[in-house]
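K.L.:
Show me the folded form of this:
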Amino acid sequence: MSRTPENPDVPRVKAVSPIATNWAGNITFSAARVHTPSSVDQLREIVAGSTSVRALGSGHSFNAIADTRGNLVSVAGLPRTVEVDEEAATVTVGGGLRFAEFTEAVHRAGLALHNLGSLPHISVAGACATGTHGSGVGNGSLATAVRALELVTADGELLSLDRSDEDFAGAVVALGAAGIVTRMTLGLVPAYDIRQWVYEGLSYGQLRERFDDVLSSAYSVSLFTRWRTDLIEQVWLKQRVGDGDPGPAPDTWLGAVLADGRRHPVPGMDAETCTVQSGVPGPWHARLPHFRPEFTPSSGEELQSEYFVAREDARAAFDALAAIRERIAPVLQISEIRTIAADGLWLSPAYGRDSVAFHFTWFPDAAAVAPVVGAIEEALAPFAVRPHWGKVFTMSPERVRGLYERYADFEALTAKLDPRGVFRNDLIREYFPGARG
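P.N.:
A predicted model of the protein is given here:
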C-alpha cells in the first residue's frame, strides 16, 4: 500500500472562486458565517453546534445548491489525504481535494480512474455529490467510482458507508443533504494512455444518420456546437492506446476535417489551456480532461445548464433542440454533447438508463438565459429529461420528482440522517419537501 495521508506535498490546484461567491459569480452566498476547518474534529464541532450548515467544495455549481443562511463550511482545509492501496486497487482521498491534486499519485502507482470530467479543478466530493461526469458510452459518472465514504452527520458524528450498506446508493449523489463528506474511497483500474484528436465540421446530417456510431467511436467522445449552423464544429475523440491501435488519424472522418493544431472548445479562447491533442499519447489524467490543471479554464464569466436523456432518445432530443436553435444560439458560448453509462445511484441523472447529456455554456446574462432554459426544458420534456443538479435549471419540484423512482427513498434517508434539517437549505427544502426538517 502506498500511503500519503495529510501530505503537504500533494500538489495544490488554484482555487477557482473566492469564498464569497461561486466560481461563476452568479451566486453570492448568504451565509452568516464562513468556516474553513483544518481538521475533521473542528468540522464535527461546527456541525454539532449548527442549526443550518452547508459544505462548499470548489464552488463550481451554478445554482444555490451550496448556499445557506447559517454556516458555510469550505472543505478545502481538511486533511490532504491520499492513500493508494495497490492491492485493493483503490485510492482514499480527503473530500476537499480536487481531482488534479491526487491523480498523479494514482498514476505513479500504475492505476487510474475510469474517467474524469472536463475540468480537473473540481473537488472530488462536490463532483460526486451532484452526479458530475465525463464521457464514454461505457463510462459511468465520476460517482460510480465511489467504493466508500466517510461523512459528518447532523449530530457531529462520523458515519462510514460502503457498498455493502443499504443506504450507500442514496448517500453518494446526495447533494450535500446527507452530511459533509470528509473522505472518499474510489475504485481504480490499471493505468492507461489516451490519444486525443479533434475533428472540425461534422454535419448534422452525418451525426443524425450515425448518431450512435459517432458517440461510441472512441473511449470518450465530446461533440461541440454553437447551434448556429448545421455543423458540429468540433468532435473530440479520446482513444485508449491499445484499444485496436487506430494508427495515424485520417485527414477526414465522416466528412469532418482533422484539426491542424490544438483547439479550444470555445472559438476565440486560448487553446494553450487545453490538454494535448493531435494524437500525442499521454497518461489518462492528462488527456481525459479538456483543460490543464495549471490554468484557470476561463474567467468564470458564464452560466451553465445540462440535461440528460436516455441514449435511445438522443437523436430525437437533438432534433428537438435543433428546432429551437434560433433561441439558443444568441445567448450561447458553446454546447457539448456527451454520453454516460447507466448507474444505480438514486439521484444520479444517469440512474437506470444509459444517457446522453446536452450541456450549455451560456453568456453571463441570467435574465436573457432563463427563458431559453425554459424553452429547452419544454422541448426535451417528452424524453423524461433530467437536469444536472449543480447547474441552472427551472423545472418544478413536482416534475423532477417524477423522474426518479427512488426519490421518496432519498427523502426518507435524509430525514433519518438529518432529522433536524441541519443540511437542508432553500433548494433542498424546495425539491425534497418530504424529508421535512
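
K.L.:
Least confident secondary structure element in the chain?
P.N.:
Lowest on mean pLDDT, DSSP states H and E among the helices and strands of the chain sits strand 2-4, with a mean of 43.

K.L.:
Just the helices from the protein, written as ranges.
P.N.:
40-48, 103-108, 124-129, 168-171, 204-209, 211-215, 314-322, 325-328, 366-380, 397-401, 407-417, 426-431 (DSSP state H).

K.L.:
wait, what's in contact with the residue located most distally from the centre of the chain?
P.N.:
The centre of the chain is farthest from one residue, Asp251, which by CA atoms, centre = their mean lies 32.2 Å away. Taking CB atoms under 8 Å, 6 or more residues apart in numbering as the criterion, Asp251 is in contact with Val257, Leu258. All C-beta spots, glycine's among them, are computed from the backbone N, C-alpha and C.

K.L.:
now it: how far from Glu200?
P.N.:
In this structure, Asp251 and Glu200 are 12 Å apart, going by CB to CB, to the nearest Å.

K.L.:
intersection of neighbour lists for these two?
P.N.:
Joint contacts of Asp251 and Glu200 (CB under 8 Å, 6+ apart) are Val257, Leu258.

K.L.:
Any stretches of the stretch 301-437 of the chain with poor pLDDT?
P.N.:
Applying pLDDT under 70 to the stretch 301-437 of the chain flags the ranges 435-437.

K.L.:
Can you get me a residue count around the nearest residue to Thr130 once chain neighbours are set aside?
P.N.:
The shortest distance from Thr130 to any residue other than its chain neighbours is 3.8 Å, reached at Gly390 (CB to CB, 6 or more residues apart in numbering). Residue crowding around Gly390 was assessed by other CB atoms under 10 Å; the count is 24.

K.L.:
for Arg406, same thing?
P.N.:
Residue neighbour count, defined by other CB under 10 Å, stands at 18 for Arg406.

K.L.:
In contact with the closest residue to it other than its chain neighbours, which residues?
P.N.:
Distances taken as CB to CB, 6+ apart place Trp346 nearest to Arg406, at 3.8 Å, with adjacent residues excluded. Trp346 makes contacts with Ala169, Gly170, Val173, Tyr404, Arg406, Tyr407, Asp409, Phe410, as judged by CB under 8 Å, 6+ apart.

K.L.:
And the residue farthest from the centre of the chain, how far from Tyr199?
P.N.:
Distance check for Asp251 against Tyr199: by CB to CB, it reads 10 Å.

K.L.:
before we move on, back to that, among the helices of the chain, which is nearest Gly352?
P.N.:
helix 168-171 (11.3 Å; CB to CB).

K.L.:
and that closest one, how far from the chain's centre?
P.N.:
Its chain's average C-alpha position is 17 Å from that of helix 168-171, according to CA atoms, centre = their mean, to the nearest Å.

K.L.:
Please enumerate residues in contact with that helix?
P.N.:
149, 151, 161-162, 178-179, 344-347, 406, 409-410, 413, 417.

K.L.:
Filter those down to the ones in strands?
P.N.:
Within the contacts of helix 168-171, residues falling in strands by DSSP state E are Leu149, Leu151, Leu161, Asp162.
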